[in-house]
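Engineer: Have a look; sequence and predicted model below, questions after that.
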Amino acid sequence: MSVLLEFAMFPTDKGTSVSKDVSKIIAMIRNSGVAYKLTAMGTIIETENLQEALDIVKKSYGILEDNSARVYSTLTMDIQKGKSNRLVSKVQSIENKIGAV
């Protein structure tokens, strides 16, 4: 199974720059061992099951909750049985089709 989860999570009470807070979440994701891709608007992770993806979200909130009065988050998931490595293969599939045009 492959669970792709794209999410953004940040405190809304820390001013216009929250990169210090977000970097703590990214460090936790990197240390967790799951495949991930940081983008300008959020982070995409790939896990083998839904619980593992939700655990990353819960840990992310845990990083922010003690020092934040308000946390904003968005989540989008794509869950597919019998697949893996979709974080890479989905992009490669499109790039291959672009090259064929």
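Structural biologist: Looks like it arrived, so ask away.

Engineer: didn't Leu64 look like it was pressed against Met28?
Structural biologist: No - if you go by C-beta atoms under 8 Å, Leu64 and Met28 don't touch, sitting 10.9 Å apart. Where C-beta positions appear, they are placed from N, C-alpha and C, glycine not excepted.

Engineer: Pull out the buried residues from stretch 88-101.
Structural biologist: Judged by neighbour count (16 or more other C-beta atoms under 10 Å), stretch 88-101 contains these buried residues: Lys90.

Engineer: As a check, name the ranges of all strands in this protein.
Structural biologist: Counting by DSSP state E, the chain has strands at residues 2-11, 35-38, 43-47, 71-80.

Engineer: Output the last one in PDB with nothing but the alpha carbons.
Structural biologist: Only the C-alpha atoms of strand 71-80 are listed here, as PDB (Å, rounded to 0.1, in the frame of the first residue of the first chain):
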ATOM      1  CA  VAL A  71      -2.100  26.000  14.400                       C
ATOM      2  CA  TYR A  72      -3.300  25.900  10.800                       C
ATOM      3  CA  SER A  73      -3.100  22.800   8.800                       C
ATOM      4  CA  THR A  74      -4.200  21.400   5.400                       C
ATOM      5  CA  LEU A  75      -4.100  17.700   4.400                       C
ATOM      6  CA  THR A  76      -4.600  15.900   1.200                       C
ATOM      7  CA  MET A  77      -4.300  12.100   0.800                       C
ATOM      8  CA  ASP A  78      -4.000   9.600  -2.000                       C
ATOM      9  CA  ILE A  79      -4.200   6.000  -0.900                       C
ATOM     10  CA  GLN A  80      -3.500   3.100  -3.300                       C
END
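
Engineer: Met28 reaches Ser60, doesn't it?
Structural biologist: Yes - contact status for Met28 versus Ser60: in contact at 6.9 Å, counting by C-beta under 8 Å.

Engineer: Between these two, point out the one with more neighbours.
Structural biologist: Ser60 (24 against 14; other C-beta atoms under 10 Å).
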